[in-house]
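K.L.:
build me a structure from this.
(one chain, ligands or ions: 2)
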Amino acid sequence: MKTLDQIAAALQGYDPQALRVSAVNDFLDRLVEPVSDTETVGVLGALGRVLAEDVISPISVPPHDNSAMDGYALAGADLSHDKPTTLTVVGTAYAGTAWSGQVGPGGCVKIMTGAIMPAGLDTVVPVEFVQAEGDAIRVPPGVVNPGDNRRLKGEDLMQGQPALRRGDRLGPAALGLIASLGLPLVPVFRRLKVAYFSTGDEILSLGEPLREGAVYDSNRYTVLGMLTRLGVEVLDMGVIKDDPASLESAFRQAAAQADAIITSGGVSMGEADHTKAMMKQLGDVAFWRIAMRPGRPMAVGHITEGGHDAVLFGLPGNPVAVMVTFLAFVRPALLKMMGASPSHTPLLRAHSLEPMRKKPGRTEYQRGIVSTRPDGRLQVRTTGNQGSGVLRSMVEANGLIVLHHDQGNVAVGDEVDVMMFDGVI
Ligand code: AMP
Ligand code: MG
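P.N.:
Numbering: from 1, shown residues only. Ligands and ions are numbered 1, 2, ... in the order given. Sure, this is the predicted structure:
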C-alpha cells in the first residue's frame, strides 16, 4: 500500500489546492488495488460480476455447419445461373437430429432452421423462393448463391479460443455466451464491500420530523443506488451526527469491515465540524480542492482499523456534487478495485441548443437533456438551474455535458461532449 506522499511525489505538478480532474483520476488509479480473492458462482449469479479468469471455449459454437433458414439444402454447384434448377427432395433434416441419408447430384434435402447441413450440401434456398412439385423443387435463377444461408461451425466461437477475458464485467450477453458453451459455473472476483454514511448535524433521516434549517438525507439514496447498480455489497451506516465519538466509531467500524468508505459532507473549506479532523486523526488522508464544478472539495486516503485497510472517498455534501464526483472519480476507482479492466465509455458529441458560459481552468459538468434532431444528429440543452444542490436537475437530465478544463464559452450550435447516464444512474 502506497502512502499519499509517495503517490503525490510521483505525479507531475500535484497541487492539492487546484487539482485537475485528470490528475484526480491518475491519483486514484495509483491509490487503489484490485481485490485478489475469487469465488465461483452460477451463471445467473454472475450478472454484474467481474470475471477472474479467461473463459476458454470448450466447444465450437455452433458445433456443426447448420441451416440459417427453413428451406432446402442443396449443393451450390448444382445451381444454374440462367434457368430454373430442378432438384429431387430425398429427405428432411430436422433441428436436433442429424440426417444420415445420402444425397447424390441433383438431390436436395428439406431442412429446418438450426438443422445440421447434410454432408456434401453447402447452400440453403429459403422455402419461399421455390416451387415444390411432388418430390421435386424448382429453384428460379438468381435467388440464392452457393454458400448462402449456412451458418459455419465455430463462427460464433471456435473450440480453444478465449470467449471472455479476465476483468470483463459480465452483462446479459456475456451470461448467454457462457451458457452457450455449456458452462454452469463462472469464476469471478469476490464482491467489493463499500460502507457509506452521510455526515452533518442538519441532515435528517427519513421518518424524523422536518425542523428549521434541516434537510432530509438524499445523498444516502443516490449513493446507495449507484453502488447497487455497480454491483458492490453495500454497508449502509445511515446518518452520523457531527460529534467526535460518533464519527470515530463510524469510521472504525467501516474501516474494519469494508474495502472502501464513502462519506458525504463535512469536507469543504469553511467546515466547522469534526469530520475532517477525525479523518485526519484516523487515517492517511489528503484534502483536495479540485478544479471542477460542481464538486470542488474532496477527501481521499486510507483508514486502517484492526489491520484491515479501507480506501476513503470523502465526498462533498451538495447532492449534485455527490453524484458528479461519484461518477467522475469514485466509480472508476471502485471498478478497478472490483478487478474490472479499464473501459472507456465513449463520450457522445451533441450540438448545444444554448450558449454556455465557461471559464477555462476547470472542468464543468452541466446536467443535459440529449435528444435527436430531425436529421438524426444529437442535440443537447441544459436542465436550467445548475446549482449544485438542485437534485431535480439530475432527475431531468439523461447525461452530463462535460466542459473540459481548457474549454471556454460554448456558442449555440457548438459541439460538446456528453456522458450519458444510461444504465449507470
Ligand atoms: P457540506 O459539504 O457539509 O458543507 O454540505 C453542503 C451542502 O450540502 C449543505 O447545504 C448541506 O445541507 C447539504 N448536504 C450535506 N449532506 C447532505 C445529505 N446527506 N443530503 C442532502 N443534502 C446534504
Ligand atoms: Mg456540512
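
K.L.:
how near is whatever residue of the stretch 101-250 of the chain ends up closest to ligand 2 to Lys241?
P.N.:
Here the stretch 101-250 of the chain gets closest to ligand 2 at one residue, Gly200, 4.5 Å apart by Cβ to the ion. Quick note: C-beta positions are derived from backbone N, CA and C, even for glycine. Separation of Gly200 from Lys241 (Cβ to Cβ, to the nearest Å) stands at 8 Å.

K.L.:
give me the more crowded residue out of these two.
P.N.:
Neighbours per residue (other Cβ atoms under 10 Å) separate Gly200 from Lys241, with Gly200 holding more: 22 against 14.

K.L.:
surely the more buried one meets Gly317?
P.N.:
Yes - Gly200 lies in contact with Gly317 (Cβ atoms under 8 Å); the separation is 6.2 Å.

K.L.:
overlap in contacts, those two.
P.N.:
265-266 (Cβ atoms under 8 Å, 6 or more residues apart in numbering).

K.L.:
looking at strand pairing, list the partners for Met356.
P.N.:
On the basis of DSSP bridges, Met356 takes part in beta bridges with Val410.

K.L.:
for Leu403, see how far away it is.
P.N.:
Counting by Cβ to Cβ, the gap from Met356 to Leu403 is 7 Å.

K.L.:
okay, and the common contacts of these two?
P.N.:
Contacts common to Met356 and Leu403, judged by Cβ under 8 Å, 6+ apart, are 366, 410, 416.

K.L.:
could you find the closest non-adjacent residue to the residue of the stretch 101-250 of the chain closest to ligand 2?
P.N.:
With Cβ to Cβ, 6 or more residues apart in numbering as the criterion, Gly200 has its nearest non-adjacent residue at 4.3 Å, and that residue is Gly265.

K.L.:
that neighbour - how many residues pack around it?
P.N.:
Neighbours of Gly265 (other Cβ under 10 Å): 26.

K.L.:
and it, its phi and psi?
P.N.:
phi 90, psi 160 (degrees, to the nearest 10).

K.L.:
can you name the residue of the protein nearest to ligand 1?
P.N.:
Using Cβ to the nearest ligand atom, the single residue of the chain nearest to ligand 1 is Gly317, 2.3 Å away.

K.L.:
residues contacting that residue?
P.N.:
199-200, 219, 264-268.

K.L.:
contacting ligand 1 as well, which ones from these?
P.N.:
Among the contacts of Gly317, proximity to ligand 1 is found for 200, 219, 264-266, 268 (Cβ under 6 Å from any ligand atom).

K.L.:
close to ligand 1: what parts of the stretch 51-200 of the chain are there?
P.N.:
198, 200.

K.L.:
can you map out the helices along the stretch 51-200 of the chain?
P.N.:
Taking DSSP state H, counting those that start in this stretch as the criterion, the stretch 51-200 of the chain carries its helices at 172-180.

K.L.:
show me what contacts the residue of the stretch 101-250 of the chain closest to ligand 2?
P.N.:
By Cβ under 8 Å, 6+ apart, Gly200 lies in contact with 239, 242, 265-266, 273, 317.

K.L.:
now the two most distant members of these.
P.N.:
Taking Cβ to Cβ as the measure, the contacts of Gly200 span a maximum distance of 13.1 Å, between Val239 and Asp273.

K.L.:
who's more crowded, the two?
P.N.:
Higher neighbour count among Val239 and Asp273: Val239, with 22 against 19, using other Cβ under 10 Å.

K.L.:
tally of neighbours for Ala245?
P.N.:
Neighbours of Ala245 under the rule other Cβ under 10 Å: 10.

K.L.:
how far does the strand or helix carrying it sit from its chain's centre?
P.N.:
Applying DSSP states H and E as the criterion places Ala245 in helix 244-257. Centre-to-centre, helix 244-257 and its host chain are 31 Å apart (Cα atoms, centre = their mean, to the nearest Å).

K.L.:
does that helix reach ligand 1?
P.N.:
No - counting by Cβ under 6 Å from any ligand atom, ligand 1 is not contacted by helix 244-257; separation bottoms out at 13.0 Å.

K.L.:
tell me what that helix is packed against?
P.N.:
Applying 3 or more Cβ pairs under 8 Å, 6 or more residues apart in numbering; DSSP states H and E, one finds that helix 244-257 contacts strand 193-199, strand 233-240, strand 260-264, helix 275-282, strand 297-305, strand 308-315.

K.L.:
neighbouring contacts of the first one?
P.N.:
Taking Cβ under 8 Å, 6+ apart as the criterion, the residues outside strand 193-199 that touch it are 217, 219-220, 223-224, 227, 232-240, 242, 247, 250, 253-254, 257-266, 273, 275, 310, 317, 334.

K.L.:
out of those, which touch ligand 2?
P.N.:
265-266 (Cβ under 5 Å from the ion).

K.L.:
make a ChimeraX selection of whichever of the contacts of strand 193-199 turn out to be buried.
P.N.:
The buried residues among these can be selected in ChimeraX (16 or more other Cβ atoms under 10 Å) with this line:
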select :217,219,220,223,224,227,232,234,235,237,239,240,242,247,250,253,254,257,258,259,260,261,262,263,264,265,266,273,275,310,317,334
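
K.L.:
for Val285, which non-adjacent residue is spatially closest?
P.N.:
Gly301 (3.3 Å).

K.L.:
was I right about the one you found contacting Gly283?
P.N.:
Yes - counting by Cβ under 8 Å, Gly301 touches Gly283, with 5.1 Å between them.

K.L.:
so what sits against both of those two?
P.N.:
Common contacts of Gly301 and Gly283 (Cβ under 8 Å, 6+ apart): Leu312.

K.L.:
where in the stretch 301-425 of the chain is pLDDT low?
P.N.:
Scanning the stretch 301-425 of the chain for pLDDT under 70 picks out nothing.

K.L.:
and it, which residues reach ligand 1?
P.N.:
Going by Cβ under 6 Å from any ligand atom, the residues of the stretch 301-425 of the chain near ligand 1 are 316-319.

K.L.:
which one of these is nearest His64?
P.N.:
Nearest to His64 among these, counting by Cβ to Cβ, is Pro319 at 56.9 Å.

K.L.:
what is the burial count for the closest one?
P.N.:
Using other Cβ under 10 Å, the number of residues around Pro319 comes to 24.

K.L.:
contacting residues for the nearest residue to it once chain neighbours are set aside?
P.N.:
On the basis of Cβ to Cβ, 6+ apart, the spatially nearest residue to Pro319 that is not a chain neighbour turns out to be Leu391, at 4.3 Å. Contact analysis of Leu391 by Cβ under 8 Å, 6+ apart lists 218, 222, 319-320.

K.L.:
make it 7 Å
P.N.:
For Leu391, the contact set (Cβ atoms under 7 Å, 6 or more residues apart in numbering) comprises 218, 319-320.
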